[in-house]
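Participant: below is the structure, and that's it, no one-letter string:
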Ligand SMILES: C=C(O[C@@H]1C=C(C(=O)O)C=C[C@H]1O)C(=O)O
């Protein structure tokens, strides 16, 4: 069946960060495109009655746990292929996978990404606009002495090269630590929308980071705009390509927020051909990743002043992609 591509779909997906018991009730009233549990144990992705679901080991206890749920106004079709679960609604595709814990990740990452990106093309939703990656023992070395994050970046870069992704097609992403379970990942892609990749003039494009950060640079844009929203990548205390304010979580939090404000601000979006600009108070579905649990109150105090009181914000105590980074923040600007 051929479908006429729309310039931009007239709707966007619903998104929420909800307590687990609330998330359990969403499927009864809405079409769930995908559900990700940020919870106390990792599990292989499954397609259940409520659609595709991935559990990540991101919470220390049930109190911290929550689900991110993506919903569609249209009926969804779900499936599974080679361990990757997915659902699509005619315009948007969600997919999720897990790479088992291993002494080396590059080859398995490349393979899992190729399966996922193959599905993206085969199912006809080729525009990748947001990816999330959760890496167990992210700052520890693999069996060959390469840090697990860098090992993951190697496999991802090889998969992107294989699929001939060019720089304008690089999605927004998060690459963050988890408490275990190998590497969990999920993607959002679109059939006909035209995501615009957004960079930060105060930071090097991550895909141009120098070799000292690993053999292959992390492939992600600082944000993407699609359907009237800006999806902001995991953002940390980096200017140029260097981490700033080592050991100082307060300054790192301020710089992370400044980076986001700059990325989504009217001046930067204008440079990217986008008319609207956003403020930190326009963010929702915000995740704040904090390396040391004892820093959460200080980080929360700063973030609470920056974000809308109505925003959904969750704090997680996990490691960050560089061992000198103490905090990282992501969200969606509406
Ligand atoms: C914080 C940074 O990178 C992190 C790693 C990412 C990845 O590898 O996909 C994406 C965004 C951040 O979660 C950064 O380099 O600025």
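Facilitator: Looks like it arrived, so ask away. These numbers were taken from a predicted model, which means no experiment stands behind them. Residues are numbered from 1 along each chain as shown.
Participant: quick one, what contacts residue 185?
Facilitator: 96-99, 112-113, 116, 131-134 (C-beta atoms under 8 Å, 6 or more residues apart in numbering). C-betas here are computed from N, CA, C, even on glycine.
Participant: which ones, among these, also lie beside the ligand?
Facilitator: residue 133 (C-beta under 6 Å from any ligand atom).
Participant: I'd like the contacts of residue 185 written out as TSV, with pLDDT added.
Facilitator: Below are these laid out as TSV (pLDDT from 0 to 100):
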residue	pLDDT
96	98
97	98
98	98
99	98
112	98
113	98
116	98
131	98
132	99
133	99
134	98
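Participant: out of the contacts of residue 185, the closest to residue 267 would be?
Facilitator: residue 131 (26.5 Å; C-beta to C-beta).
Participant: in the sheet, who's paired with the closest one?
Facilitator: Using DSSP bridges, the beta-bridge partners of residue 131 come out as residue 173, residue 187.
Participant: what's the separation between the spatially most central residue of the chain and residue 333?
Facilitator: Nearest to the geometric centre of the chain sits residue 132, at 3.0 Å (C-alpha atoms, centre = their mean). For residue 132, the distance to residue 333 (C-beta to C-beta, to the nearest Å) stands at 17 Å.
Participant: what does residue 145 give?
Facilitator: 40 Å.
Participant: more crowded one of the two?
Facilitator: For the pair residue 145 and residue 333, the greater number of neighbours falls to residue 333 (24 against 7), based on other C-beta atoms under 10 Å.
Participant: can you tell me how far the more buried one is from the ligand?
Facilitator: Distance, residue 333 to the ligand, by C-beta to the nearest ligand atom, to the nearest Å: 16 Å.
Participant: same check on residue 22?
Facilitator: 26 Å.
Participant: skip the chain neighbours and tell me the closest residue to that residue.
Facilitator: residue 67 (8.0 Å; C-beta to C-beta, 6 or more residues apart in numbering).
Participant: what is the neighbour count of the one you found?
Facilitator: 21.
Participant: who are the packing partners of the helix or strand it falls within?
Facilitator: Using DSSP states H and E, residue 67 sits within strand 66-72. Here strand 66-72 touches strand 14-18, helix 20-26, strand 31-39, strand 92-99, going by 3 or more C-beta pairs under 8 Å, 6 or more residues apart in numbering; DSSP states H and E.
Participant: tell me the buried residues in the second one?
Facilitator: With burial defined by 16 or more other C-beta atoms under 10 Å, the residues of helix 20-26 counted as buried are 23, 26.
Participant: now the helices for the chain?
Facilitator: 20-26, 106-122, 148-162, 249-264, 266-271, 296-306 (DSSP state H).
Participant: model confidence over the shortest one, on average?
Facilitator: I take that to be helix 266-271. In this model, helix 266-271 has a mean pLDDT of 98.
Participant: buried residues of that helix, list them for me.
Facilitator: Result for helix 266-271 [16+ other C-beta under 10 Å]: buried residues 268-269.
Participant: again with the third one
Facilitator: Using 16+ other C-beta under 10 Å as the test for burial, helix 148-162 gives 148-160.
Participant: what does it contact?
Facilitator: Outside helix 148-162, the residues touching it (C-beta under 8 Å, 6+ apart) are 104-111, 113-114, 117, 133, 135-142, 146, 170, 175, 183, 213-219, 321-322.
Participant: weed out the non-buried ones from these.
Facilitator: Buried among these (16+ other C-beta under 10 Å): 105-106, 108-111, 113-114, 117, 133, 135-139, 142, 146, 170, 175, 183, 213-214, 216-219, 321-322.
Participant: sorry, back to before: most neighbours per residue, which of the helices and strands packed on strand 66-72?
Facilitator: Of all the helices and strands packed on strand 66-72, strand 92-99 has the most neighbours on average by mean count of other C-beta atoms under 10 Å, namely a mean of 26.
Participant: list the contacts of residue 252.
Facilitator: Residues near residue 252 by C-beta under 8 Å, 6+ apart: 236-237, 244-245, 325-327.
Participant: ok so, going back, out of the contacts of residue 185, which comes closest to the ligand?
Facilitator: residue 133 (5.6 Å; C-beta to the nearest ligand atom).
Participant: quick one: pLDDT of the one residue in the stretch 201-334 of the chain that gets nearest to the ligand?
Facilitator: Taking C-beta to the nearest ligand atom, the ligand has its nearest neighbour within the stretch 201-334 of the chain at residue 234, 2.4 Å off. Confidence at residue 234, expressed as pLDDT, is 99.
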